Structures are given as C-alpha cells and as structure tokens.
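*Asks:* how would this look folded up:
(2 chains)
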Amino acid sequence: MKIRNRLAGAGAAGIAAALISMLAGILFGCIMLVIIKPAAAGGGIVSMLTAGFSSPEKFAKVLYQAAPLVLTGLSVGFAYKTGLFNIGASGQYTVGACLALICGIVFKLPWWVCLLAAMVGGAFWGLFPGFFKAFFNVNEVITSIMFNWIGLFAVNLLLSNIPPVLANYYGAANADRTAALAAANKSAIIPTLGLDTLLRSSYMNISIFIAAIVAVVMYIILNKTTFGYELKACGHNKNASIYAGINAGRNIVLSMVISGALSGMAGGLYYLAGTGQYTIEKNLLAMGFNGIPVALLATSNPIGTIFTALFVSYIQVGGEAMQPEFAAENITIIIAVIIYLSAFAFLMKGFITRLIIKNADLIPEGCQDGTEDLPDSSGVPGDVEQNNKSEEADRS
Amino acid sequence: MDYVIEMLNITKEFPGIKANDNITLQLRKSEVHALLGENGAGKSTLMSVLFGLYRPDAGVIKMGGKEVQIRNPNDATALGIGMVHQHFKLVEVFTVLDNIILGMEPNKFGFLNKKEARAKVCALSEKYGLQIDPDARIEDISVGMQQRVEILKMLYRDNEILIFDEPTAVLTPQEIKELMVIMKNFTAEGKSILFITHKLQEIMEVADRCTVLRKGKLVGTVDVASTTKQELSRMMVGRPVSFAVAKKAIEPGEVVLDVKGLTVPSKRHKHNAVKNVSLHVRAGEIVCIAGIDGNGQTEFAHALTGLERPSAGKITLKGQDITEARVRQRSKLGMSHIPEDRHKHGLILDFTLAENLVLQRYWEPEFQRGGFIKKEAVRDYADKLICQYDIRSGQGSATITRAMSGGNQQKAIVAREIDKNPDLLVAIQPTRGLDVGAIEYIHKKLVDQRDAGKAVLLISLELDEVMNISDRILVMYEGEIVGEFDPKKTTAEELGLYMAGARRNTPAEGGGAE
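*Replies:* Next up is the predicted model:
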C-alpha cells in the first residue's frame, strides 16, 4: 500500500511541476506586457487570462483549437515514449488534411470516412521516417523535417491541380484555398450534436470528445497491452528488446506510422469542422509544432495531453483577445517560456518527489516466508552512478 | 601512529538511506589499505566523499592531523589525492600523452609545451615499469595499457595518495600480477594506496590492512597478516561463505547443444572473430569456455543466441537445426541466455523490476489475454521470483530497475532465465562485477541447473570460476578452441598458457571435442 502511495506521490509531483511552470510562464508574460505597454497592460492581462471563459463562443473556440492540439500532442508524445522524436507532425498533419478534404469535397464522402482518410494520409507520411530509421538507421529527426516540406509542397501542388477541390469551383472568388465544406458537401462536416446551438458558436462540434477518446485509447495501448510493452521496450533499449526476441525494426516503423496517423487525424479534425479552409501557403502549419509543447508539458502522458492542449489553446484564445494593443505573438513567447520552464519542471519533479517521499517508509514489503527484510542500499546514488558509468562504457 | 589521511566518523545520508553511517578510515603512510564490501555497502560513496564528489553530512577529514575541506575533485588533487576509476576517464581520440597532461597542460603564453611533459611522463614510465606508447591513441591500445595511462596521470600530478577502484576487474592474470608489483613499488616510494576490491585473494597478496564495510556501516579494520580469506568474507557478508562449490557426481546425458564449424565475421576487423568452432554440451554438465576478453567469446555467444548471424557452421539444439532461428524461436525451444552486458542486453533499466522479470515471457498466455497484459499475474509472478531468488530493491516489484544495485540486477536476470526452465542455459560472465555473496549464490544456481539435468554453457574470464564449477573446460584463443581440459586434472597456470596463446593442441585433440 505504501508503495502505491509513493507512486501516486510521484504522479502528483509531475502535475505540480507542470502547474508551477505554467504559472511562472504566465507571470513572466504579465511582466512582459507591463514592460511593453504599461498603460494597456492591465486590460491585456485580463483579456489574456479570462478571454477563454468570457463568452460561450470564446469557450467554443478554445475547445475547437484544443482538439487537433490533443492529437498532435499525442502524436509527439507517443513517438517519444517509444524512443523516437517525431518532429514531422506538421507534414503528417498537412497530408492528413489534404486527403480528408479531397474525400470530402471531391468524392462527397461522409465525415467519418474523411477522418479515416486523414489518418491514412498521416500514417503514410510517418511511414517513411520510420522505415529509414528502422532499416538504414537514418535519424528520424532529419527525415521528418524534410518530409514536412515535401509534404507541404506536394499537398499544395496536388490541391492546386484538382479544380473541383478549390473554392472558385463552387462560385467563390478565391482559387488559393479549398472550398468551404458547407458549400461542397455538408455531410463531411463533423457533427455538432446540438452543441453549436448550446454554445452559440459555429466552432463547436464533437471533435474535442473524439480527441479525448483517442487519448484514452492511446493510454490503454501504451500501458495495458503487450503491444505497448514492446513499443516502450524498443524505445528504452533496442538491444535488450532484440535480446528478448522483439522485432525492433517492425516496432519502430509501427510507432512512426501510429504517430503519423494521430497527426493526420488532427488535420482532419481541424479542417472537417467546416469553419476553416485550407489555404495554399508557403509556410509549414504551426499546429504540428504546437504538439511538441503540449506533449512536453504533459511529460508525454496521453491523459495529461488532454489538459495541456486545453491550456495552450486557452491562452492562444487569450492572445487573440489582447489584440490590437498587443500582438498575438506575445502568446508564442509565453508558450516558449513555459516550455523552457517545463524542462526545469523535470528537475523540480525530482525535487518535489523527494520532498513527498522523504518521510515515507522505505522498507520493502516483506516476503510471505519471512525472508530477511533489510533495506537494500539500492537507492544509493553511488550505485546509480556506477550504472550510468558502465552505460557510458557501453556506448563508447 | 602517523596517518596521511583520516576520515573520521563520516556520515552521508541520501533520501531514505544512510550510505555511510559513522565510518572511520585511517590510512597510514606507505601502506596498501584495502576497502572491502559488497555492492552497495557504501565503498563508492566513501571514496566519493574523499575525492570531493560528495560532501559528508557529518564527520571530518584530516590530513597529517589537520582538518581539511574537500569540496570538489580539484581540492582533492591539490591535496595529492588521485583516483583510478573503475571505468576509465580517458578521451578516446586523444593520444596517451595528451590524456596524461589533460587539465594541467604545460604551456608558454598559452602555447602547449609538450616536450617537457613528454620527458616527465617517459621518466615516470621508466621508473615504475609502466610501459606505454605516448603517441598511441587511447582507442587503439589495450585495456591494460589504458589503466597504466590512468596510473601515470596520478603520478604526473605528483599524487601521494592513490585510490584504485576495482583495478583488477579488467585485467588478465598476468597483468594483475604486474599491477601488484607496481603497487608494492609505490608504497616502497612512500606513497599510500587505497585499494577497493571484491577479490579476497588480491587483498591477501598485496594489502597491509583492510577495512570492511557492510550496509553502510563499518565492520572493522584488520591487519591482513593476522586474518584469513574466510574471516574477511565473513566480515563482508555477515555469514560464513563457502568457496568450493558442492557438486554431486553426475553422469552427463544426451547432447543438448551441438555446434559444428561455426564461423562468425568480426564487426571490428576484416577477419573472422570466431573460426570454425565445434563443441557440444550434454545434459547434466557445465561446459566452460575460458579465455582472455576479446578472443571471440562475445561473437560466439551472439551467434549462438541469435543476436548475430554466423557466416558458416551449424547449431543444433535438442536435434533441431537453429542456425537460422530467430531469438524468440530459440527461447521457445528451451534456450536461456544470461547476457554478458546486463545493461545493454539484459535489462530495460527504465522498466520496473516486474516488467523486466517477464521480458522473455510477457507474450505467454499466463501473462496476457487478447493482447492485454495481466498486471496482477505479472506482479504475483514478480513477487514470487523476488522471494525465491532474494532480489532486493527499494520498492519491490515496482522498483525502477535502474535504481537497483548491480548484484540485484544480475539476480533478477538469473531468476528470469532460470525460471523459464530451459534445457540449455548459456551464461556469459554471469558474475562480472559482483561481490562474493552474490557470486556464491549465482554459482550455486548454475550448479543446481546442472544437477537438475540441464545443459549449461558458461563463458567466463575468471579462472577461479572456471576451475570451480565446470565439468569440462574449453580454452578459446583468437576465435579458436585451442584446448580441452578436465578441471580436476589441470591447473590455472596451464590454462593461462593456453589462454595467452603460448600453447595449443592440434585441432584433432582440442577442437574436435568428440
């Protein structure tokens, strides 16, 4: 029982550390606003902190942006748990969005088919970095960055060459963006189940609930299944996984494919809401990169990701409300500060954990047959240091 | 009595554990003072305090009777304290000379002046018989020479108090002898040595006095001349330890493992690491492959267990050809493998103890249903092994394996591999870096397997281990089996000659094995 309490203590410490870094980041933001424009600072701070709850419509916006953030956060966090750094979420998100829009606008398919198509697109785009990593040992960071750009321009090229997908095909003036779903195919819009009238906002649909369900599913896969066990084993120690007879190459590919599918689904959720149109631009979409802070802040815990995504979305909406006195980019700075602090949060987590367990009982639970119940000196840092040292030796 | 350094009533506490509890250690001038204790007894912590890596919570350090403060390793160096770490601290791509002068490079106006340094290093190397090549790169020289470089680093800094942290773990029997002579030379020069080791034989040979720690507490300091190995091990472990392993006479049964003409290419050079090796292991016998590190044992073990592909040869397990079989297939067929490197292959250090204990079996119906892991079953199984094999850890089956001591990590691997109830147990250096108590325990488990009619293939660098527990000894040298011996009819000296390549049997006698 005592052991359980200690583990719960460690979890609580993680949450506490994340909260501390969020609060400190916001505090930093407030000071920054005061310095930039003292006169408007008061109003700016209030908008930043309260805009998300100021009206049902604003709250709907928070949920609307949070849904794809949860998924890109899950995507980055899932890859991280399996020992990979998927910085290609943006490309996978874009390819996913593209397939979803083609299915919805050109083929007039229902929303859930479009969403599946988005997952397939993202998975396909995650396949390449995974494949190169597993079989040629090419660093997935490099390939996935390249595939961000390849994905963006391939999607732009593809969409601009399919006339029926563009807005002007449906009578609108612009040819640089995809058609509004409301005009092209209403069945491709994610259902609202009346939530839009409840919150009086066209942004509101069931996507945040879909994202939350996916987060729970990912939690179960990672923590309850043999598949998740294998993936994590490969992530922590590829050599030991091979020793245990696990097919490490296959698992690396699968992990990138799943991670890609999550990012692709995020693209689907965002564009199938029917409020945004994909604009042909030359910049990578930020939604993929925003998954990184979401995952970091949640220490890659799928359930935590739901809450950190909501937080990031909330202050982004706050940032929009600060305009025109303050540029919305101030929020980007605050998020960046929070990420830096969340790195410290890892240190703080250790510190807080130690505070919590300091007085806890360290005697291990005894064996039934009355084996000697001596506290082993296994916790001595000297030993841990020795372990690390020999690991260093392994690497060299 | 004059003491060069005294550590008085040192206490160092980490959250939840007293690593050092009121320990006093006094080092006399010109003595070799051994520090003995099991893994986790607090030796490393005590030396870290002396070397300035940790500050003690209580207690003082005195030098020549005066209290000194050692806040960091630079303070220690300034006081003439030097340390050879168990895992060397050398820059692989630098030359020997560069490594020795690193940190106190002689220079004129910021320009290196290596001439002076070279002269000093060469003089020291000659004086103490520490042969080195000052221009060779660390990555190209043998482990023994790397250790001499570490020793020269201390001498170059004019250290008077030398700490050796398990220096013999990486050396061949001949090199160990040389090191003992060198240590004697140092003390004759007036230097004082602190010698951390697990090996009682070495203490008996070289040390003047010995301080024993157990579970963070001081057991006592004794004169080596007036004690015995048995007495020292009793002090260290807290109970009598038997060195001879009790084995009943047993008639080996059928051939379980049969290897024919196995050849494995090397990853490091163009030649084959294992050349045309044939051997067999029968049920109820322990066959040991002895040899100096780096003579193809690792590659042989990897090919045998499926981690590497051999380029030629055939491996048969219980009559089935497994030359091409995957690791999991071999495991299902009844092969267990205690790997050479417990951190690289044996454990996933960031997993819990329970998760590691099912690493070879998590996919069995006992532990999963429909792809979902049965957490309760895993925990119950882990608790069973923890009790049965006396694996000690801070938080039972929920302990993160990284936080466990080396001996208990190894026990966990041994428990996992033996509890699989294999027909063939392949154990590679299963006692490396462990203390006497744990070694005794693991040897007993290996012999139990043999007595239960299993085949055991042991690959070891330790001659004592080889002589003690095997039924048949094969010596491997440069990738070949150069001799086969009956442990009852051979001596460590004879084996040493074969291991060093000075003698070999014709393949018909040795390599054939049948």
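*Asks:* okay, CA-based contacts and neighbour counts for the rest of this
*Replies:* Fine.
*Asks:* so how far is the helix or strand containing A:Gly91 off the chain centroid?
*Replies:* For A:Gly91, the host element (DSSP states H and E) is helix A:89-101. Centre-to-centre, helix A:89-101 and its host chain are 15 Å apart (Cα atoms, centre = their mean, to the nearest Å).
*Asks:* next SSE downstream of it?
*Replies:* The helix or strand immediately downstream of helix A:89-101 is helix A:111-136, counting by DSSP H and E.
*Asks:* got a list of contacts for the helix or strand following that next one?
*Replies:* Counting by DSSP H and E, the next helix or strand C-terminal to helix A:111-136 is helix A:140-160. Outside helix A:140-160, the residues that touch it by Cα atoms under 8 Å, 6 or more residues apart in numbering or on different chains are A:84-92, A:94-95, A:98, A:125-126, A:128-130, A:132-133, A:165-166, A:176, A:178, A:280-282, A:284.
*Asks:* surely A:Gly268 and A:Ile102 touch.
*Replies:* No - between A:Gly268 and A:Ile102 there is no contact under Cα atoms under 8 Å: 10.9 Å.
*Asks:* what about these two, which has more around it?
*Replies:* The neighbour comparison of A:Gly268 against A:Ile102 (other Cα atoms under 10 Å in any protein chain shown) goes to A:Gly268, with 33 against 22.
*Asks:* point out where chain A drops to low pLDDT.
*Replies:* A:1-11, A:343, A:345-346, A:348-396 (pLDDT under 70).
*Asks:* likewise for the stretch 51-200 of chain B?
*Replies:* B:170.
*Asks:* can you tell me the helix or strand for the most centrally placed residue in chain A?
*Replies:* Centre of chain A computed as the mean C-alpha position; nearest residue by Cα atoms, centre = their mean is A:Gly73, 0.4 Å away. Using DSSP H and E, A:Gly73 maps to helix A:56-81.
*Asks:* can you check B:Lys120 too?
*Replies:* Following DSSP H and E, one finds B:Lys120 within helix B:114-128.
*Asks:* what helices or strands is the helix or strand that that helix is followed by leaning on?
*Replies:* Heading C-terminal from helix B:114-128, the first helix or strand you meet, by DSSP H and E, is helix B:143-156. When contacts are defined as 3 or more Cα pairs under 8 Å, 6 or more residues apart in numbering or on different chains; DSSP states H and E, helix B:143-156 sits against strand B:81-84, helix B:96-101, helix B:114-128.
*Asks:* format those as a markdown table; extra columns: distance to chain A and mean neighbour count.
*Replies:* Shown next, in a markdown table, are the helices and strands packed on helix B:143-156 (distance: least, Cα to the nearest Cα, whole Å; neighbours: other Cα atoms under 10 Å in any protein chain shown):
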| stretch | distance to chain A | mean neighbour count |
| --- | --- | --- |
| strand B:81-84 | 14 | 23 |
| helix B:96-101 | 16 | 23 |
| helix B:114-128 | 26 | 15 |
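*Asks:* OK, now which residue of the stretch 351-500 of chain B is nearest to chain A?
*Replies:* When scored by Cα to the nearest Cα, the stretch 351-500 of chain B has B:Phe372 as its residue closest to chain A, at 4.1 Å.
*Asks:* count the neighbours of that residue for me.
*Replies:* Look at B:Phe372: counted by other Cα under 10 Å, it has 18 neighbours.
*Asks:* what is the burial count for the closest residue to it other than its chain neighbours?
*Replies:* Ranked by Cα to Cα, 6 or more residues apart in numbering or on different chains and with sequence neighbours excluded, the top spatial neighbour of B:Phe372 is A:Thr225, at 4.1 Å. A:Thr225 has 20 neighbouring residues, counting by other Cα under 10 Å.
*Asks:* what's the domain layout of the chain?
*Replies:* You didn't say which chain, so I picked chain A. Following automatic domain parsing, one gets these domains for chain A: A:1-37+A:326-362, A:55-324.
*Asks:* chain B, not that one
*Replies:* Taken from automatic domain parsing, chain B resolves into B:3-237, B:255-334+B:422-499.
*Asks:* out of those, deepest packed?
*Replies:* Stretch with highest mean neighbour count among these: domain B:255-334+B:422-499 (a mean of 20; mean count of other Cα atoms under 10 Å in any protein chain shown).
*Asks:* so does that domain get close to chain A?
*Replies:* Yes - counting by Cα under 8 Å from any Cα of the partner chain, contacts between domain B:255-334+B:422-499 and chain A involve B:Leu307, B:Arg326, B:Val327, B:Arg328.
*Asks:* return the subset of those residues lying in helices.
*Replies:* Mapping those onto helices (DSSP state H) picks out B:Val327, B:Arg328.
*Asks:* check contacts around the residue nearest to B:Phe372.
*Replies:* A:Thr225 neighbours (Cα under 8 Å, 6+ apart): B:Gly371, B:Phe372, B:Ile373.
*Asks:* who does the second one form a beta bridge with?
*Replies:* Put plainly, it is B:Phe372. Here B:Phe372 sits in beta bridges with A:Thr225, B:Arg369, going by DSSP bridges.
*Asks:* quick one: the helix holding B:Lys120 to helix B:143-156, angle?
*Replies:* Helix B:114-128 and helix B:143-156 meet at an angle of 110 degrees, taking axes from the mean of the first three to the mean of the last three Cα atoms, to 10 degrees as the criterion.
*Asks:* quick check, distance from helix B:114-128 to the centre of its chain.
*Replies:* Distance, centroid of helix B:114-128 to centroid of chain: 32 Å (Cα atoms, centre = their mean).
*Asks:* check which helix or strand covers the nearest residue to A:Ile45 once chain neighbours are set aside.
*Replies:* Excluding the flanking residues, the one nearest A:Ile45 by Cα to Cα, 6+ apart is A:Cys30, at 6.2 Å. Per DSSP H and E: A:Cys30 is located in helix A:2-36.
*Asks:* so which bits of the helix or strand following that helix are buried?
*Replies:* Heading C-terminal from helix A:2-36, the first helix or strand you meet, by DSSP H and E, is helix A:38-54. Buried positions in helix A:38-54, judged by neighbour count with 16 or more other Cα atoms under 10 Å in any protein chain shown: A:Ala41, A:Gly44, A:Ile45, A:Ser47, A:Met48, A:Leu49, A:Thr50, A:Ala51, A:Gly52, A:Phe53.
*Asks:* what residues does helix A:38-54 touch?
*Replies:* A:30, A:33-34, A:58-59, A:61-62, A:314-315, A:317-319, A:321-322, A:325-326.
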